[in-house]
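[1] what shape does this take:
(chains A and B)
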There are 2 protein chains.
Amino acid sequence: MERFAIRGHICYSEDKNRIQTIEHGYAVCENGICQGVFDKLPGKWKGIPCIDHGDRLILPGLVDLHVHGPQYTFRGLGMDMELIDWLNTHTFPEEEKYQDEEYAKKAYEIFVDDLLHSATTRVCVFATCHKEATLWLMKRMEEAGLAGYVGKVNMDRNSPEGLCEKSAGKSAEDTEAWILEAAGLANVRPILTPRFIPTCSDELLEKLSALRKKYRLPVQSHLSENQKEMEWVRSLCPQAACYGDAYRLHGLFGGECPTIMAHCVYSNEEEIRMMKEQGVFIAHCPESNANLASGIAPARRFLDMGLKMGLGTDVAAGTSLSLFRAMAMAIQCSKLRWRLQDQRMAPLTAEEVFYLATKGGGEFFGKTGSLEKGYEFDAVVIDDRMLRHARALSVKERLERLIYLAEDGQIQAKYIKGKQVLPM
Amino acid sequence: MERFAIRGHICYSEDKNRIQTIEHGYAVCENGICQGVFDKLPGKWKGIPCIDHGDRLILPGLVDLHVHGPQYTFRGLGMDMELIDWLNTHTFPEEEKYQDEEYAKKAYEIFVDDLLHSATTRVCVFATCHKEATLWLMKRMEEAGLAGYVGKVNMDRNSPEGLCEKSAGKSAEDTEAWILEAAGLANVRPILTPRFIPTCSDELLEKLSALRKKYRLPVQSHLSENQKEMEWVRSLCPQAACYGDAYRLHGLFGGECPTIMAHCVYSNEEEIRMMKEQGVFIAHCPESNANLASGIAPARRFLDMGLKMGLGTDVAAGTSLSLFRAMAMAIQCSKLRWRLQDQRMAPLTAEEVFYLATKGGGEFFGKTGSLEKGYEFDAVVIDDRMLRHARALSVKERLERLIYLAEDGQIQAKYIKGKQVLPM
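    As a prediction, this is how the structure comes out:
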């Protein structure tokens, strides 16, 4: 039995309306599972190893429900287009390069290293359609101690020649081989990843659905992000009641199929009802939706209706891997949406976005994203000394400030499933 | 005659549509004035001291046209209100503390040190209404090698007792004493700072106008930021044709009075015309306008009409001192404005926001904000090695990436008026 404790100022969410804080508290880990958070170390754990992080903050590890690994190379560049033009001009040509394993390794090495040094502990990654490069990324993430899902992307239509898989059959065949080769990994698991409806034929979606059932895999994709994309989907799938229905018709939209859909900026009533009914997770990606001028998703509505939701950085339509930045943008964009679009939907609060970045998104992985008893022990220790202050701040205020001002390099330690991955 | 050169990858704006870049170029400084930027060091400067910054980027120092020094203490906190409630709940109680010089020194010391370590070289600061604390801030900034304007704030109505100056006469008297005491400073100069119309009586504005003429001082204030504020101003000044006209009626709105007005989110046709005519500078503060749910200023319109404009961080309604963050937010907010409010106004480009953060705002200080010949030599050297990339990037692309991803701690050297202020 592996047992230890860490001590510091602990912050976590039990629900979306309140942030729990414990000054100089203890978080206890037994065999990778959090035993809870305590003012004083209970007697039964006297003498277990304990690292005292002093005045540092301890948070649950942050959760990124949507990020594109191969796009990390061009983060912050080419931010002057909307979705479809951006995909054709910047994204697809870059993703084609991942056919070259040497290039893929060089690029993914940077992505994995930066992800490791961020506050993120769980992640859902889109790779490319290339099996070998995707496997290499997964192995490298596993070695680094990271946890989450990675998807080999599927795309068999409306894609440039270098990325378009030869047929639905070949795409599914490669996908099955990839699933089998990834079977040995413990913490970085495969997730089925049809890119989005425009690049996936009905035949391909049917085959992925069969693989999903055979291997009991989750699914991730994109939904209702951009107006031109929506029109395109309507013309490609006139039989679907809404964009989400185009996935649902093939059994790839929640229900017994755990599903994340990124964006949902333009989801209509029907689609929202369907997501709720099917338990689909929404990856809310506010920075991406600003950068590609997509709009602002009605996150307030999703929260109030009790839909499942977390945050996504969506690099490289989002520029930064930082979930702190995503939290700040979620608040800021919700205020602009309130001001410019719909004053019935109140802005998001610090409590709500912290919940989304931890327990809200964490739920996709089981019991993760909190430091309550029974949760997998994912935690980050943050050194906020560079954010100096002239007056006393509460732990809650220090966390609030981090949401807006955290930078890389402030992560003092990081634990995933009870294993310390930083410092290495 | 003091002469030196610095070498690196140089980026600067001549106009708003293009960023000039010179790989491994030389920027030459003579007696604080830039002599231009060169591929090779011209013969007449052979042998002058030259620091080679290798693969680093060299930019003109960035310009912050609007920041509140005493609000730096609570940056990132209390971001759940609109302007008037936020002033009464967070801002005014904090500013009252600056009556206590010990508190003021402790707090301003942090502000000045962080400002020094940022990429900002010119700044327009609101202090508080307290003469002594304001003078201390100015002296401390001067000592640190910073340059810009600082204003003792004026407010004689609609303010809490601890901040409300006793009368227009006393406010003006303190202001004149402050102007005289600040006369010895070379680089940190006084600027008249009526807080905004709601807190300044007509009598006070008249007296400030007289001081302006007597001492030939510039003016800074707030304009058309928030809808409730606008209504309030309309009821306070029914005689004014628009909010800006309430300043203009007292000779405090451009013309022979160099003026910066922060925000201009809701400026109407009349006000925009008046700003253009009077050469008023707009401090565009996109993060602040999102955080206080004010809205998004029509920066595209101001640019296209040729109004004078720069960026403001507006700490603490903005959370970060970083002008890079302000540039990114200016682009992102302009995209959301385009999407949600008015598709006639195209989003801002990287070229345009870089111009605003350098030469656009710099114009308020004379010839600053560029590395063209004849400009005051304000420059920052930036180490972007932590933003690793798998493929070759041009200097322009590296700058574009910095806009979204720069962090503190990347400033390797900083020059203001030809004097190296970092590293100290």
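[2] outline the domain layout of chain A.
    Chain A breaks down by automatic domain parsing into domains covering A:3-61+A:369-422, A:62-365.
[3] chain center to the first one: distance?
    For domain A:3-61+A:369-422, the separation from the chain centroid amounts to 21 Å (computed by C-alpha atoms, centre = their mean, to the nearest Å).
[4] the last one now?
    If you compare the mean C-alpha spot of domain A:62-365 with that of the full chain, they lie 8 Å apart, counting by C-alpha atoms, centre = their mean.
[5] how about that domain and chain B, touching?
    Yes: contact between domain A:62-365 and chain B, assessed by C-beta under 8 Å from any C-beta of the partner chain, occurs at A:73, A:75-77, A:79-80, A:97, A:103, A:106-107, A:110, A:114, A:287, A:290-296, A:319-320, A:328, A:331-333, A:335-341, A:347, A:349-350. For the C-beta atoms, the positions are set from N, CA and C on the backbone; glycine is no exception.
[6] out of the residues you listed, which end up buried?
    A:73, A:75-77, A:79-80, A:97, A:103, A:107, A:114, A:287, A:290-296, A:319-320, A:328, A:331-333, A:335-341, A:347, A:349-350 (16 or more other C-beta atoms under 10 Å in any protein chain shown).
[7] now, which of the residues you listed lie within helices?
    A:103, A:107, A:114, A:287, A:290-291, A:328, A:331-333, A:335-340, A:350 (DSSP state H).
[8] and the residue sitting furthest away from the middle of chain A, what are its phi and psi?
    The centre of chain A is farthest from one residue, residue A:43, which by C-alpha atoms, centre = their mean lies 37.6 Å away. Main-chain torsions, residue A:43, degrees, to the nearest 10: phi -50, psi -40.
[9] now the one 4 residues further on
    Here is the backbone geometry of residue A:47 (degrees, to the nearest 10): phi 90, psi -10.
[10] next one: it from residue A:41, what distance?
    9 Å (C-beta to C-beta, to the nearest Å).
[11] where do the helices sit along the stretch 51-200 of chain A?
    A:83-86, A:92-96, A:101-116, A:131-144, A:168-181 (DSSP state H, counting those that start in this stretch).
[12] quick one: which of the ones you listed is nearest residue B:249?
    helix A:83-86 (48.6 Å; C-beta to C-beta).
[13] and the closest one, which residues are buried?
    Neighbour counts using 16+ other C-beta under 10 Å place A:83, A:86 of helix A:83-86 among the buried residues.
[14] quick one: contacts of it?
    Residues from elsewhere that reach helix A:83-86 (C-beta atoms under 8 Å, 6 or more residues apart in numbering or on different chains): A:78, A:225-226, A:228-229, A:232, A:292, A:294, A:317.
[15] check the residues you listed and tell me the two furthest apart.
    For those, the maximum inter-member distance is 21.1 Å, found between A:78 and A:232 (C-beta to C-beta).
[16] lowest-confidence one in the contacts of helix A:83-86?
    Within those, residue A:78 has the lowest pLDDT, namely 92.
[17] residues contacting it?
    If you count contacts by C-beta under 8 Å, 6+ apart, residue A:78 has them with A:86, A:89-90.
[18] nearest to residue B:28 among those?
    The closest of the contacts of residue A:78 to residue B:28 turns out to be residue A:90 (C-beta to C-beta; 37.2 Å).
[19] before we move on, the earlier item: residue A:47 and residue A:41 - which one has more neighbours?
    Taking neighbours as other C-beta atoms under 10 Å in any protein chain shown, residue A:47 and residue A:41 compare with residue A:41 leading, 16 against 9.
[20] surely the more buried one touches residue A:28?
    Yes: look at residue A:41 against residue A:28 with C-beta atoms under 8 Å: they come within range, at 7.4 Å.
[21] shared neighbours of these two, which are they?
    Common neighbours of residue A:41 and residue A:28, counting by C-beta under 8 Å, 6+ apart, are residue A:5.
[22] hmm, back to that, quick one, which of the helices of the stretch 51-200 of chain A is nearest to residue B:57?
    With C-beta to C-beta, the closest approach to residue B:57 among the helices of the stretch 51-200 of chain A belongs to helix A:101-116: 19.2 Å.
[23] so for that closest one, mean pLDDT?
    Helix A:101-116 shows a mean pLDDT of 98.
[24] what residues does that helix touch?
    A:69-70, A:72-73, A:97-98, A:123, A:128, A:130, A:132-133, A:136-137, A:140-141, A:144-146, A:321, A:408, A:414, A:421-422, B:388-391.
[25] identify the residues contacting residue A:384.
    Neighbouring residues of residue A:384 by C-beta under 8 Å, 6+ apart: A:56-57, A:398, A:401-402, A:406, A:410.
[26] quick one: those as JSON lines, columns for neighbour count too.
    Listed next are those as JSON lines, based on neighbours: other C-beta atoms under 10 Å in any protein chain shown:
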{"residue": "A:56", "neighbour count": "20"}
{"residue": "A:57", "neighbour count": "22"}
{"residue": "A:398", "neighbour count": "21"}
{"residue": "A:401", "neighbour count": "21"}
{"residue": "A:402", "neighbour count": "23"}
{"residue": "A:406", "neighbour count": "27"}
{"residue": "A:410", "neighbour count": "21"}
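[27] list the contacts of stretch A:204-214.
    With contact meaning C-beta under 8 Å, 6+ apart, stretch A:204-214 is reached by A:154, A:156, A:168-169, A:171-172, A:175-176, A:179, A:192, A:194, A:200, A:217, A:219, A:247, A:250-252, A:257.
[28] let's see it at 6 Å
    The contact list for stretch A:204-214, computed with C-beta atoms under 6 Å, 6 or more residues apart in numbering or on different chains, reads A:154, A:156, A:168, A:171-172, A:176, A:192, A:194, A:250-252, A:257.
[29] span of stretch A:306-321 from start to end?
    With C-alpha to C-alpha, to the nearest Å as the measure, the first residue of stretch A:306-321 is 26 Å from its last.
[30] for stretch A:27-37, same thing?
    One end of stretch A:27-37 to the other measures 5 Å (C-alpha to C-alpha).
[31] got a list of contacts for that stretch?
    Stretch A:27-37 is contacted by residues A:2-6, A:10, A:22, A:25, A:45, A:371, A:373, A:375, A:377, A:417-418 when judged by C-beta under 6 Å, 6+ apart.
[32] stretch A:410-424 too?
    Identification of contacts with stretch A:410-424 by C-beta under 6 Å, 6+ apart yields A:29, A:32, A:56, A:119, A:121, A:145, A:147, A:376-383.
[33] and for stretch A:166-182?
    Contacts of stretch A:166-182 (C-beta under 6 Å, 6+ apart): A:131, A:135, A:138, A:152, A:154, A:156, A:165, A:190, A:201, A:203-204, A:207, A:211, A:215.
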